[in-house]
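Asker: Just a sequence and a predicted model for now, questions to come.
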Protein chains: 2
Amino acid sequence: MKQITVIKGDILQRKGDINTKAYIVESGLLRSYSIDDKGKEHIYMFGPENWLVADICESNTPCQLYIDVIEDAVLTVASKEELMERGPDIDALLRRLNTMQARIIMLMSSNALERYEHFVQTYPNIIQRVPLKMIASYLGITPEALSRVRHQLTQRK
Amino acid sequence: MKQITVIKGDILQRKGDINTKAYIVESGLLRSYSIDDKGKEHIYMFGPENWLVADICESNTPCQLYIDVIEDAVLTVASKEELMERGPDIDALLRRLNTMQARIIMLMSSNALERYEHFVQTYPNIIQRVPLKMIASYLGITPEALSRVRHQLTQRK
DNA sequence: TTCATTTCTTGATGTACATCAAGGCAGGGG
DNA sequence: CCCCTGCCTTGATGTACATCAAGAAATGAA
């Protein structure tokens, strides 16, 4: 349980690592993502200030995700056991479940335009801080498709 | 906190209901799903024996999901508050988060064939108990697409 | 500043899956 | 028992988004 400072580009966790840490973001911005067999990145989650970023996996089993640093950041690092001892924040867990539920439903039922509009409304602060290609990756579409969606939106006004 | 018996077709919860219950499945099979603006159903989760089925939403706010009965079932019904008092099962919560994480990654990176193969491996017991069109709905594809994927697989042998 | 790298855009083409339509089959209710 | 309804499949066509390619604009390092 300590604080560390990391800079843009640092990689905190790779797929396959075991007994990975949990990171509480004090300042800066992280992302967690997977890389599929075709080499494509899929952003699973952004981690802005006050966010808890961690791969949820059992002790001693390899994790699924990469985690790296998008903006220079100050982090509190803890083992998952430490977090548990301090009394897990049930409310935070439930909110996270809720977020993921909404994400799953959106991935199944929304097209590119609807996903982007939802993202803008839900994370207005993130959108100015990351390149659009990362937004695209989070939304599950290509940068080209996102570019065209945004073009559409400005035309429509 | 009581036990109830329900039959195929019963609807336990509709989108917009508030202060909804949590259902522990003693026997039988439930499903939770959303209906999008085009009227299409998207299955969010199947609830077989020993599963906890509940919409994760704050008290007094409308829920997102429908829940209904696929196979006649015996359920233990509890308010979410009751569940909390009995000490929430952190491990179960984490496992559920893990499942959803895997689902999100799959929805973003896998095609119809890969999704189906993964489902067969992960839920071999569910697949014999529900119509294929529900599997399709869970996978985020149409029944027609699923039919063609399965045809492909049998040919390949 | 200058050069290199990354990001974003735009166009042309490709493709996986959706949609629409129709027929065969099985199960359940009357 | 029969009929109706829901399920599954198959074919024809449509479409949203991916892929490929190239150039302009922004960013950053030396």
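Answerer: Received the coordinates, thanks.
Asker: so where's chain A shaky on pLDDT?
Answerer: Across chain A, residues meeting the criterion (pLDDT under 70) sit at A:156-157.
Asker: Which residue lies nearest the spatial centre of it?
Answerer: The C-alpha lying nearest the average C-alpha coordinate of chain A belongs to residue A:45 (CA atoms, centre = their mean; 1.5 Å).
Asker: near DNA strand D at all, the host helix or strand of it?
Answerer: Here residue A:45, judged by DSSP states H and E, is contained in strand A:41-47. No. Shown here: strand A:41-47 not in contact with DNA strand D (CB under 7 Å from any atom of the strand), separated by at least 10.5 Å. Any C-beta I mention is one placed from the backbone N, CA and C, and that applies to glycine too.
Asker: do that strand and DNA strand C meet?
Answerer: No. Strand A:41-47 does not reach DNA strand C (CB under 7 Å from any atom of the strand); its nearest approach is 10.9 Å.
Asker: which outside residues touch the next helix-or-strand element following that strand?
Answerer: Moving toward the C-terminus from strand A:41-47, the next helix or strand (DSSP H and E) is strand A:52-53. Here strand A:52-53 makes contact (CB atoms under 8 Å, 6 or more residues apart in numbering or on different chains) with A:22-25, A:30, A:32, A:45, A:47, A:67, A:92.
Asker: Quick one: buried ones out of those?
Answerer: A:22-25, A:30, A:32, A:45, A:47, A:67 (16 or more other CB atoms under 10 Å in any protein chain shown).
Asker: which residues in chain A form strands?
Answerer: A:2-6, A:11-13, A:21-35, A:41-47, A:52-53, A:66-79 (DSSP state E).
Asker: quick one: is the second one near chain B?
Answerer: Translated: strand A:11-13. No. Strand A:11-13 is not in contact with chain B by CB under 8 Å from any CB of the partner chain; minimum separation 13.9 Å.
Asker: in its sheet, what does that strand sit against?
Answerer: strand A:66-79 (antiparallel) (DSSP bridges).
Asker: touching DNA strand D at all, the strand it pairs with?
Answerer: No. For a cut-off given as CB under 7 Å from any atom of the strand, strand A:66-79 has no contacts with DNA strand D; the smallest distance is 10.0 Å.
Asker: Are that strand and DNA strand C in contact anywhere?
Answerer: No. Strand A:66-79 stays out of contact with DNA strand C when judged by CB under 7 Å from any atom of the strand, the minimum separation being 9.5 Å.
Asker: about what we covered before: any chance of JSON lines for the strands of chain A, columns distance to residue B:73?
Answerer: Output for those, formatted as JSON lines (distance: least, CB to CB, whole Å):
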{"stretch": "strand A:2-6", "distance to residue B:73": "49"}
{"stretch": "strand A:11-13", "distance to residue B:73": "41"}
{"stretch": "strand A:21-35", "distance to residue B:73": "35"}
{"stretch": "strand A:41-47", "distance to residue B:73": "33"}
{"stretch": "strand A:52-53", "distance to residue B:73": "36"}
{"stretch": "strand A:66-79", "distance to residue B:73": "40"}
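Asker: about what we covered before: which one is the residue nearest to the centre of chain A nearest to, not counting chain neighbours?
Answerer: Of all residues not flanking residue A:45 in the chain, residue A:32 sits nearest, at 5.0 Å (CB to CB, 6 or more residues apart in numbering or on different chains).
Asker: my guess is the one you found meets residue A:65, correct?
Answerer: Yes. Because the distance of 4.6 Å satisfies CB atoms under 8 Å, residue A:32 is recorded as touching residue A:65.
Asker: what is in contact with these two at once?
Answerer: With CB under 8 Å, 6+ apart, residue A:32 and residue A:65 have common neighbours A:13, A:44, A:55.
Asker: do the lengthiest helix in chain A and DNA strand C meet at all?
Answerer: Counting by DSSP state H, the longest helix found in chain A is helix A:90-109. No. Between helix A:90-109 and DNA strand C, judged by CB under 7 Å from any atom of the strand, nothing touches; the nearest distance is 9.3 Å.
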